[in-house]
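Participant: need a structure here:
(one chain, ligands or ions: 3)
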Amino acid sequence: MTLGVRVRGLFELCRPANAVVSGVLTLIGAYVAGRPFALAALVAAVATVFATAAGNAINDYFDRDIDAINNPERPIPRGAVTSRGALAFSVVLFAGSIVLALSLPLFAIAVAVVNLLALVTYTKVFKGLPGAGNAVVAYLGGSTFLFGAAAVGRPLAAVVLFALAALSTLAREIIKDIEDVAGDREEGLNTLPIAVGERNACLLAAAVLVVAVLASPVPYLRDLFGVAYLAAIVPADLVMAYAAYVAFDDPARAQGILKYGMFLAAAAFVVGRAAA
Ligand SMILES: CC(C)=CCC/C(C)=C/CC/C(C)=C/CC/C(C)=C/COC[C@H](O)COP(=O)(O)O
Ligand SMILES: CC(C)=CCC/C(C)=C/CC/C(C)=C/CC/C(C)=C/COP(=O)(O)OP(=O)(O)O
Ligand SMILES: [Mg+2]
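Facilitator: Numbers count the residues shown, from 1 in each chain. Ligands and ions are numbered 1, 2, ... in the order given. Reported below is the predicted structural model:
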């Protein structure tokens, strides 16, 4: 195995696009809290990139046997990275994330510690319990905004964004589990759609999305954002509501549409704060 093959494998293990998105959401949290250019905001964003990369790497480590069957192109099953190498890489990334987080205010350190525990335990403890794994990933997604705001000393500024992002991520994770039912059943996993049926899981995901969409004006109503936010969030809400509708027929397409709607919503947060 050449060095290039190994480096590429480690890079893929991090799922760099997801890690960078998480870091950007942390910066948005600091921006909404009013201090995007503070050094602490940058430190928190890099800590988030490291933590997300570490979480993805350890997920692939724990999933190595399942992925050998279902995702043979992943770095461990295809032989680009050894399983011990993936675990060691994840430990190094976690350590980097902790060292960075230790320079932040106490509440931000607390969020980082809870998140690292959640990332380490997710695959073995929560993923196999119906709904629990989805809730953990939803919490993690939402916590990026909270972490960014906490890093600059104003966690309360991001509480509503945390809730909106967690609700929409919860819906998307449930829809992704509906998409994955066939493979997950073979693996013996007990995900929500396997436990309660695909239609019930879809009804729940749609209901969660409706709550998120109906709650989306709250940052405006609480004077956190200006009126431009309303103009920016409406298209995002429409895309997310459409995703809920599509989920009943085509969950694979719905989760992609929903991701797009979530990105639009994150952009609306920036617009809303800029116009506050
Ligand atoms: C109603 C309203 C205003 C909602 C707000 C929506 C919002 C701003 C959501 C932000 C959440 C977001 C864009 C999260 C992405 C970050 C992330 C890495 C999430 C967790 O992903 C795990 C997932 O299992 C990986 O999936 P995939 O994308 O298919 O690789
Ligand atoms: C703010 C700080 C310190 C950290 C934030 C950490 C964040 C945002 C994590 C986002 C959620 C995430 C990417 C978790 C990683 C573990 C995970 C759920 C991987 C998904 O792996 P797949 O292999 O696609 O799916 P399953 O293994 O769940 O089937
Ligand atoms: Mg996995």
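Participant: for the protein, what are the low-confidence residue spans?
Facilitator: For the chain, applying pLDDT under 70 flags no range at all.
Participant: Would you mind listing what in the stretch 51-200 of the chain touches ligand 2?
Facilitator: When proximity is defined as C-beta under 6 Å from any ligand atom, the stretch 51-200 of the chain approaches ligand 2 at 51-52, 55-56, 59, 63, 112, 115, 119, 122-123, 127, 137, 140-141, 143-144, 147. (Glycine included, C-beta is placed from N, CA and C.)
Participant: How about the contacts made by the residue most central in space within the chain?
Facilitator: Nearest residue to the geometric centre of the chain (C-alpha atoms, centre = their mean): residue 141, 3.3 Å. For residue 141, the contact set (C-beta atoms under 8 Å, 6 or more residues apart in numbering) comprises 22, 25, 165, 166, 169.
Participant: With residue 237 instead?
Facilitator: Residue 237 neighbours (C-beta under 8 Å, 6+ apart): 213, 216, 261, 265.
Participant: for the residues you listed, which one is nearest residue 243?
Facilitator: residue 261 (5.9 Å; C-beta to C-beta).
Participant: if we can go back for a sec, how far does the strand or helix carrying the residue nearest to the centre of the chain sit from the chain's center?
Facilitator: Using DSSP states H and E, residue 141 falls within helix 132-151. In terms of C-alpha atoms, centre = their mean, to the nearest Å, the centre of helix 132-151 is found 7 Å from the chain centre.
Participant: same thing with stretch 8-16?
Facilitator: 17 Å.
Participant: List just the nearest of the contacts of residue 141 to ligand 2.
Facilitator: Lowest distance from ligand 2 to these (C-beta to the nearest ligand atom) belongs to residue 22, with 4.0 Å.
Participant: The closest one touches residue 46, doesn't it?
Facilitator: No - using C-beta atoms under 8 Å, residue 22 is not in contact with residue 46; the gap is 10.9 Å.
Participant: So if I had to pick from the two, which one is more boxed in?
Facilitator: More crowded of residue 22 and residue 46, by other C-beta atoms under 10 Å: residue 22, with 24 against 16.
Participant: Which elements pack onto the helix or strand harbouring residue 48?
Facilitator: Per DSSP H and E: residue 48 is located in helix 39-62. With contacts taken as 3 or more C-beta pairs under 8 Å, 6 or more residues apart in numbering; DSSP states H and E, helix 39-62 sits against helix 3-13, helix 16-32, helix 83-101, helix 106-121, helix 132-151.
Participant: Those helices: which one's closest to residue 233?
Facilitator: With distances scored as C-beta to C-beta, the stretch of the helices and strands packed on helix 39-62 nearest to residue 233 is helix 16-32 (13.6 Å).
Participant: okay, the angle between that closest one and helix 132-151?
Facilitator: On the basis of axes from the mean of the first three to the mean of the last three C-alpha atoms, to 10 degrees, helix 16-32 is oriented at 40 degrees to helix 132-151.
Participant: so how far is helix 16-32 from its chain's centroid?
Facilitator: With C-alpha atoms, centre = their mean, you get 10 Å for helix 16-32.
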